[in-house]
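*Asks:* The sequence and its predicted three-dimensional model are supplied below.
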Amino acid sequence: MRVYLDDGDSPYDVVDALLLGRFASGAQPFAHSASLDNVKPEATLLPPGAEVLRSAREKERSAVLAQGPGWTVEASRWREGGEVTVTAVTDELAKEVLARALEGAAKEPDPEPESVTMGFWYLSVARRGPYRTTRTISAATWPEIRTNYSAGVADSLDQLMKVTPEDITGRLVLLHGPPGTGKTSALRTLARSWRDWCQVDCVLDPERLFNDPGYLMDIAIGEEDGNHRWRLLLLEDCDELIRGEAKHATGQALSRLLNLTDGLLGQGRNVLVGITTNEDLERLHPAVVRPGRCLSRIEVGRLSRAEAVAWLGHDQGIAKDGCTLAELYALRRGGSPLLPVQANASDGMYL
């Protein structure tokens, strides 16, 4: 096998090519790999006795190529995570060397009581396909943030936070309303409330997800943990995907979303989809909001003036029609909501 390099290649590409060369030539025709989201700083990700052949290092990235009797290993590190790929003369040897390389390398974070572990999916060019990483994020309990929402919204969220697998009917959770009303905060708290039975993943590039069938299939299948837990895929600010003209504007994207929730793609998969949007209910596509499709559909709006005054403790800066949660936090910090002046209906239209 010949490998051609030019000035656009890096030492990391050389390390990759040397590993793949032994696999492609058939000298070591078996390969196994694994990745870790959190690696101990002192871990080398190399099995004991490995002979280092190449090493490429940067500030927050490294790649080491090493070998042993009948096997070759590439250990890559980046920030907190890492990945190990092993090629070997037999499948059993590849698995054995991989296990030795990973032994004791994983760093198990101790989640604080107010934290929850969430997954994040994105299409990675470096890893040549969909990739999932996990992060521990802060999330308040529902009683701690309940007053952040108007009475009607809080009542609806009460029911959503209490949902169990036996309660699931529809597969879509839809939170819609103006920006700054606390939709994302509610989803973080939902992840904490459901963490005993549901794995929550946020898709960072939803516009690519529903336009790439391969990407969608990888996420729909997910990473099996053997427990058959439910999964909630979070898609934030998906206005273009679910508004009334979505079928015309985004092609097959809307159809694939609906297929994931209650079509053939979603059959046999314990998958829920959570969507936030700033669109009004009247502008959403009828197929999205039809009866039976949504497990929960909640319009998250402004707090009334009375609710806002109770939340803030005084009425200074609060408009007659109330405030959003973001505006209340700005007032609490001593700032101004910086709201644009609203035109009255009697003022007529303008260009």
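*Replies:* Sure thing, it's come through. Everything numeric in this text was worked out from a predicted model, so none of it was measured. Numbering: from 1, shown residues only.
*Asks:* so which helix or strand takes in T184?
*Replies:* Counting by DSSP states H and E, the element that carries T184 is helix 183-193.
*Asks:* which secondary structure elements does that helix contact?
*Replies:* In terms of contacts (3 or more C-beta pairs under 8 Å, 6 or more residues apart in numbering; DSSP states H and E), helix 183-193 is packed against strand 115-124, helix 142-145, helix 151-161, strand 172-176, strand 198-203, strand 230-235, strand 271-277. C-betas here are computed from N, CA, C, even on glycine.
*Asks:* what's the closest of those to E108?
*Replies:* When the helices and strands packed on helix 183-193 are compared by C-beta to C-beta, strand 115-124 sits nearest E108, at 11.0 Å.
*Asks:* could you point out which element follows that closest one?
*Replies:* strand 129-138.
*Asks:* can you give me the end-to-end distance of stretch 318-328?
*Replies:* 8 Å (C-alpha to C-alpha, to the nearest Å).
*Asks:* show me the contacts for T133.
*Replies:* D37, G81, G119, F120 (C-beta atoms under 8 Å, 6 or more residues apart in numbering).
*Asks:* Serialize the helices and strands packed on helix 183-193 to a markdown table and add fields for mean neighbour count and distance to R188.
*Replies:* Formatted as a markdown table, the helices and strands packed on helix 183-193 follow (neighbours: other C-beta atoms under 10 Å; distance: least, C-beta to C-beta, whole Å):
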| stretch | mean neighbour count | distance to R188 |
| --- | --- | --- |
| strand 115-124 | 18 | 7 |
| helix 142-145 | 14 | 9 |
| helix 151-161 | 16 | 12 |
| strand 172-176 | 24 | 12 |
| strand 198-203 | 22 | 9 |
| strand 230-235 | 22 | 9 |
| strand 271-277 | 23 | 11 |
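*Asks:* Those into TSV, with extra columns for mean pLDDT and distance to V300?
*Replies:* Formatted as TSV, these follow (pLDDT from 0 to 100; distance: least, C-beta to C-beta, whole Å):
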stretch	mean pLDDT	distance to V300
strand 115-124	88	20
helix 142-145	94	12
helix 151-161	96	5
strand 172-176	89	5
strand 198-203	91	18
strand 230-235	90	15
strand 271-277	87	9
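*Asks:* Identify whichever of these lies nearest to N211.
*Replies:* strand 115-124 (10.5 Å).
*Asks:* Can you name every helix or strand that the closest one contacts?
*Replies:* For strand 115-124, the elements it packs on are strand 129-138, helix 183-193, strand 198-203, helix 206-209, judged by 3+ C-beta pairs under 8 Å, 6+ apart.
*Asks:* hmm, 10 Å instead?
*Replies:* strand 129-138, helix 183-193, strand 198-203, helix 206-209, helix 213-221, strand 230-235 (3 or more C-beta pairs under 10 Å, 6 or more residues apart in numbering; DSSP states H and E).
*Asks:* and of these, who's closest to S296?
*Replies:* Of all the helices and strands packed on strand 115-124, helix 183-193 sits nearest to S296, with 9.6 Å by C-beta to C-beta.
*Asks:* Could I get the average pLDDT for that closest one?
*Replies:* Regarding helix 183-193, the rounded mean pLDDT is 93.
*Asks:* Same question for stretch 21-29.
*Replies:* 93.
*Asks:* Span of that stretch from start to end?
*Replies:* 10 Å.
*Asks:* who's in contact with it?
*Replies:* 1-3, 17, 19, 30-31, 67, 70-72, 85-91, 93-94 (C-beta atoms under 10 Å, 6 or more residues apart in numbering).
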